[in-house]
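Visitor: Predicted coordinates and the sequence they were generated for:
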Amino acid sequence: MFAGFERRVAEVNGTTINYVRSFTGNRSGPALLLLHGHPQTHVIWHKVAAALAQRFTVIAADLRGYGDSGKPVGLPDHSNYSKRVMGQDQVDLMASLGFDSFYLMGHDRGGRVAYRMALDHPAAIRKLVLLDIAPTLAMYEQTSLEFATAYYHWFFLIRPAPFPETLLSAHPEDYLKHTIGGRSAGLRPFTPEAYAEYLRCLRDPATIHGICEDYRASAGIDLEHERHDLAAGNKIRCDVLALWGRQGIIERCFDPLKEWRKFAQEGRLDGRALDCGHYIPEEAPEELLAEVLPFFHA
């Protein structure tokens with residue numbers, strides 16, 4: 001799925017981060033880091049990676065707790081899965097590769113890590129693309145019946161261990177099919193190879209624990225960090241492009257641009273809905289490329 005890429009593992013920030021790096025195309029191009037969502041891995045980018053590699057040095061990484069990256073046991077306050085710590089993993093990864101600044105695109109959970117990176121490390125992020133998310137604080141504080149029904153896992157996964165871990169470990173494929181196949185496009189966007197990779201990783205009990213810890217942190221320490229940003233006026237300093245699926249829950253339940261204006265500097269935010277659902281890189285790869293390539297090179 002990643003012809004012309006090499007797979008590597010880096011030891012950073014007290015854990016290991018699995019990633020692939022392009023070694024064909026524009027090998028000397030500016031660096032672009034891609035971060036995936038739940039319950040997936042860096043493989044979500046396989047439909048766009050080759051095209052991006054023609055212009056960038058592309059690094060697609062597994063988040064802490066996901067894929068083949070490290071999966072430490074969560075601390076009592078879940079702080080080692082805060083988006084601040086998960087973002088530091090990725091900043092340290094890029095620094096270890098010689099990239100002190102880079103372009104950044106994140107989908108779903110990777111988007112949450114990405115905007116925390118932009119808030120905490122403004123000198124490192126040149127431009128930021130966020131795919132099918134609104135800020136975590138807004139989504140929890142504006143919870144409706146429709147949102148809670150569609151995103152039930154936001155509330156299930158945060159229950160104390162080992163309750164959700166036990167249930168997910170009993171039937172990981174049922175959870176995967178229901179989660180990625182239960183959106184507007186069903187299972188159609190996912191190639192057999194990609195689906196098999198997601199299932200392989202989700203069958204690891206340590207992955208299931210890491211996923212739960214990611215969500216537990218989002219319902220606690222991550223909200224504290226966002227409230228502090230809003231109170232302090234801490235904003236993302238780079239240009240931001242927010243894209244979301246017209247058939248997705250973000251479109252139906254939130255006003256993404258209104259919410260992102262609270263975190264983006266005046267005049268540095270753009271965004272729109274694409275004609276797809278939640279899994280933009282796999283549902284609408286050509287449309288995604290048509291949006292992000294001009295944005296990154298503007």
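Guide: On my side now, so go ahead. Numbers count the residues shown, from 1 in each chain.
Visitor: C-alpha only now, for contacts and for neighbours.
Guide: Will do.
Visitor: Contacts for stretch 280-298, please.
Guide: Outside stretch 280-298, the residues that touch it by Cα atoms under 8 Å, 6 or more residues apart in numbering are 44-45, 47-48, 52, 103, 127, 129, 131-132, 185, 189-190, 241, 244-245, 274-277.
Visitor: Which of the residues you listed fall in helices?
Guide: If you go by DSSP state H, the contacts of stretch 280-298 have residue 52 in helices.
Visitor: Could you identify the buried members of the contacts of stretch 280-298?
Guide: When these are checked for burial by 16 or more other Cα atoms under 10 Å, the buried set is 44-45, 47-48, 52, 103, 127, 129, 131-132, 185, 189-190, 241, 244-245, 274, 276-277.
Visitor: related to what we said a few turns ago, restricted to strands, list the contacts of stretch 280-298.
Guide: 103, 127, 129, 131, 241, 244, 245, 274 (DSSP state E).
Visitor: If the last one is in a bridge, with which residues?
Guide: Partner residues in beta bridges with residue 274: residue 245, with DSSP bridges as the criterion.
Visitor: Tell me the one among the ones in strands among the contacts of stretch 280-298 nearest to residue 203.
Guide: residue 131 (26.0 Å; Cα to Cα).
Visitor: Would you confirm that the closest one contacts residue 248?
Guide: No: assessed by Cα atoms under 8 Å, residue 131 is found out of contact with residue 248, at 11.3 Å.
Visitor: Nearest residue to the middle of the protein?
Guide: Nearest to the mean C-alpha position of the chain, counting by Cα atoms, centre = their mean, stands residue 110 at 1.3 Å.
Visitor: That one sits in which helix or strand?
Guide: Taking DSSP states H and E as the criterion, residue 110 maps to helix 109-120.
Visitor: picking that back up, pLDDT and distance to residue 3 added to the ones in strands among the contacts of stretch 280-298, as TSV?
Guide: Listed next are the ones in strands among the contacts of stretch 280-298 as TSV, based on pLDDT from 0 to 100; distance: Cα to Cα, whole Å:
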residue	pLDDT	distance to residue 3
103	98	22
127	98	26
129	98	24
131	98	24
241	98	28
244	98	28
245	98	28
274	98	27
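Visitor: And those residues, which is closest to residue 19?
Guide: residue 103 (16.0 Å).
Visitor: Look at the closest residue in space to the closest one that isn't next to it in sequence and report its pLDDT.
Guide: Excluding the flanking residues, the one nearest residue 103 by Cα to Cα, 6 or more residues apart in numbering is residue 32, at 4.6 Å. Here the pLDDT value assigned to residue 32 is 98.
Visitor: does residue 32 have beta-bridge partners, and which?
Guide: Here residue 32, judged by DSSP bridges, has bridge partners residue 58, residue 103.
Visitor: Verify the contact between residue 108 and residue 129 for me.
Guide: No: assessed by Cα under 8 Å, residue 108 is found out of contact with residue 129, at 11.2 Å.
Visitor: hey, where'd the helices end up in the stretch 1-150 of the chain?
Guide: 49-53, 83-96, 109-120, 136-141, 145-150 (DSSP state H, counting those that start in this stretch).
Visitor: do the same with the stretch 151-298 of the chain
Guide: Under DSSP H, counting those that start in this stretch, the stretch 151-298 of the chain gives helices at 153-156, 163-170, 172-181, 192-202, 205-218, 221-232, 249-253, 256-261, 280-283, 285-297.
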